[in-house]
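**Q** I would like to see how this sequence folds:
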Amino acid sequence: MPFDTIEYEVDGHTATLTLNRPEALNALSPHMITELRAAYTEAENDDKVWTLVVTGAGRAFCTGADVKEIPGDGKVVNERPYLSTYEQWEAPQEGTPPFRTMTKPIVTAINGLCCGAGLDWVTTGDIVIASEKATFFDPHVSIGLVAGREVVRVSRVLPRSVALRMALMGKHERMSAARAYELGMVTEVVEHDRLLDRAHEIADIVNSNAPLAVRGTRLAIVKGLNVPLHEAEMLAESFRERVTRTEDALEGPRAFVEKRAPVWQCR
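**A** This is a model prediction of the structure:
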């Protein structure tokens with residue numbers, strides 16, 4: 001599928017999605033959002049793809065919504081007629097991966113400036129790494145807008161006081177990659193020139209594990225965060241039970257006993 005504002009490539013079991021509007025610092029236009037949703041659907045529906053890597057081209061990962069395409073009244077721009085689709089009844093998701101329904105894990109590689117809606121990939125990605133040149137902030141209040149779901153999600157990742165500081169300081173203060181790592185917002189800081197290589201190394205490690213077990217484990221954690229502990233345990237157990245009925249669940253123990261690498265079939 002050809003795209004104008006992103007690049008999408010599949011190599012082995014890994015799909016790499018690159019935000020590709022470097023001249024606009026990868027700001028999200030309505031067209032780009034449509035293309036991102038198509039790419040997520042492509043990755044989720046492609047049986048060859050087990051893991052998705054997301055990064056950005058140029059000196060920015062994503063600087064949020066394209067301010068030049070925000071109407072004067074601040075309303076969300078929709079390519080489809082107003083309220084004609086379910087997502088228009090939800091909180092605006094913009095470039096957010098469908099992390100609540102997507103089964104395949106996402107490795108997010110933050111290559112530079114990351115702010116506003118760009119933070120959504122940090123707070124919803126499964127494994128997040130950052131270039132040493134990456135910086136994080138939320139500019140909403142500095143341009144007269146309320147910081148919405150972006151900082152609500154950040155407040156679930158960072159300590160309350162740090163999230164509030166980021167939200168209320170706006171564009172006037174930026175968090176370094178080192179500080180983001182220190183606070184647990186990213187899991188690793190990488191030399192800038194090695195960022196994408198490292199993201200693919202991580203994806204390869206994830207892909208060396210049983211893909212259905214990876215997806216069930218991911219879903220158990222993501223879905224379980226929204227319910228009480230006991231219900232989360234029972235939900236995780238239901239995913240575990242489903243995976244025991246797959247061929248890969250037999251292959252793993254067999255390969256262990258035979259002292260060989262498992263051959264996963266994803267079934």
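
**Q** pLDDT averaged over stretch 215-224 - what is it?
**A** Stretch 215-224 shows a mean pLDDT of 97.

**Q** Low-confidence stretches in this structure?
**A** Within the chain, the ranges that satisfy pLDDT under 70 run 1, 70-79.

**Q** If we use 80, what do you get?
**A** 1, 68-79 (pLDDT under 80).

**Q** which residue ranges form the strands in it?
**A** Remark: strands assigned in the chain by DSSP state E are 6-11, 14-19, 51-56, 60-62, 106-110, 113-115, 127-131, 135-137, 175-176, 188-190.

**Q** So for Glu258, which of those strands sits nearest?
**A** Of all the strands of the chain, it is strand 51-56 that lies closest to Glu258, at 26.1 Å by C-beta to C-beta. For glycine as for every other residue, the C-beta is placed from the backbone atoms N, C-alpha and C.

**Q** which residue packs closest to Trp89, ignoring adjacent ones?
**A** Leaving out its chain neighbours, the residue that sits closest to Trp89 by C-beta to C-beta, 6 or more residues apart in numbering is Leu83, at 6.6 Å.

**Q** residues near that neighbour, how many?
**A** 9 (other C-beta atoms under 10 Å).

**Q** Turn the strands of the chain into CSV, including distance to Leu196 and mean neighbour count.
**A** Listed next are the strands of the chain as CSV, based on distance: least, C-beta to C-beta, whole Å; neighbours: other C-beta atoms under 10 Å:
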stretch, distance to Leu196, mean neighbour count
strand 6-11, 11, 15
strand 14-19, 8, 23
strand 51-56, 6, 26
strand 60-62, 12, 28
strand 106-110, 6, 27
strand 113-115, 15, 27
strand 127-131, 9, 24
strand 135-137, 18, 22
strand 175-176, 20, 18
strand 188-190, 9, 20
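
**Q** Asp204: which of the ones you listed is closest?
**A** Of the strands of the chain, nearest to Asp204 by C-beta to C-beta is strand 14-19, at 7.2 Å.

**Q** what sits up against the closest one?
**A** The contact list for strand 14-19 (C-beta atoms under 8 Å, 6 or more residues apart in numbering) reads 5-10, 26, 32, 36, 39, 42-43, 46, 49-57, 61-62, 95, 196, 200, 203-204, 207.

**Q** Next, the distance between the ends of stretch 98-114.
**A** Stretch 98-114 has an end-to-end distance of 19 Å (criterion: C-alpha to C-alpha, to the nearest Å).

**Q** oh, I was asking about stretch 149-169
**A** 17 Å.

**Q** can you give me how far that stretch is from the chain middle?
**A** The chain centroid and the centroid of stretch 149-169 are separated by 17 Å, computed with C-alpha atoms, centre = their mean, to the nearest Å.

**Q** So which bits of that stretch are buried?
**A** 149-151, 153-155, 157-158, 162-163, 166-167, 169 (16 or more other C-beta atoms under 10 Å).

**Q** any idea how far the residue nearest to Trp89 lies from Arg153?
**A** Separation of Leu83 from Arg153 (C-beta to C-beta, to the nearest Å) stands at 24 Å.

**Q** go on, Gly125?
**A** Applying C-beta to C-beta to Gly125 and Arg153 gives a distance of 11 Å.
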